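Asker: need a 3D model of the sequence below.
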Amino acid sequence: MQTARNYLKKHTEALVKDVGIEASCQLAGKSKATLGRYYSDAPEHADRFMPVDVVAALESAARYPHVTAALAELGGLTISLERNSRNSESRGVNSDVVALSQRFAMLMSEYSQSIEDGVITVNEAKRMLRETLALQQVLMEMKLHLEEETTGD
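Answerer: Residues are numbered from 1 along each chain as shown. Below you'll find the model as predicted:
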């Protein structure tokens, strides 16, 4: 259960950083300190999580639904972004393949740099996690484009 808590807190932090701390404060109607407590790994904040209405408000402004995706993953589910969402640009599968290749190359570059000394530090792991999330987003967009082509929409 502790791992799931940490996972949710990391994705909550990613959400706030995606939207921006100032914009998050405005959208959530919360202070910087309050938002920080939602993703703090300090023992005194271990049981504090962002309310679902705040998650919804922030995810509507984010480039990716970080917390929703984390909850889905923890439940063994996958999510599919809406086709007419602002997150999915009208690019097509060919552009998705290029973007996928680029993101994967960036992830492998981060991994290569991280493993050079035989140890992956916390900061290196965070950089790889960011690249993994970006790769996941490209895959989701690619899935949507492929679904669109198969349904003829």
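Asker: was I right about Tyr39 contacting Val16?
Answerer: Yes - at 6.7 Å, Tyr39 and Val16 qualify as touching, with contact defined as Cβ atoms under 8 Å. In short, each C-beta sits where N, CA and C put it, glycine included.
Asker: higher neighbour count, these two?
Answerer: Ranked by neighbour count (other Cβ atoms under 10 Å), Tyr39 and Val16 place Val16 first, with 26 against 21.
Asker: the more buried one is in what secondary structure piece?
Answerer: When elements are defined using DSSP states H and E, Val16 is found to belong to helix 2-19.
Asker: for that helix, packing partners?
Answerer: helix 21-28, helix 32-39, helix 52-61, helix 66-74, helix 122-151 (3 or more Cβ pairs under 8 Å, 6 or more residues apart in numbering; DSSP states H and E).
Asker: number of residues surrounding Glu131?
Answerer: Taking other Cβ under 10 Å as the neighbour definition, Glu131 ends up with a count of 19.
Asker: hang on, it packs against Met106?
Answerer: Yes - at 5.3 Å, Glu131 and Met106 qualify as touching, with contact defined as Cβ under 8 Å.
Asker: low-scoring stretches of this structure, by residue?
Answerer: Across the chain, the stretches falling below the confidence threshold (pLDDT under 70) are 1, 80-91, 152-153.
Asker: centroid-nearest residue for it?
Answerer: For the chain, the residue whose C-alpha lies nearest the mean C-alpha position (Cα atoms, centre = their mean) is His66; its distance is 3.7 Å.
Asker: for that residue, what are its contacts?
Answerer: Listed by Cβ atoms under 8 Å, 6 or more residues apart in numbering, the contact set of His66 reads His11, Thr12, Ala14, Leu15, Asp18, Glu59, Leu133.
Asker: skipping adjacent residues, who's closest to the fifth one in space?
Answerer: What that stands for is Asp18. Setting aside the residues directly before and after it, Asp18 is nearest to Ala62 in space (Cβ to Cβ, 6 or more residues apart in numbering), at 4.5 Å.
Asker: fine by me, thanks again.
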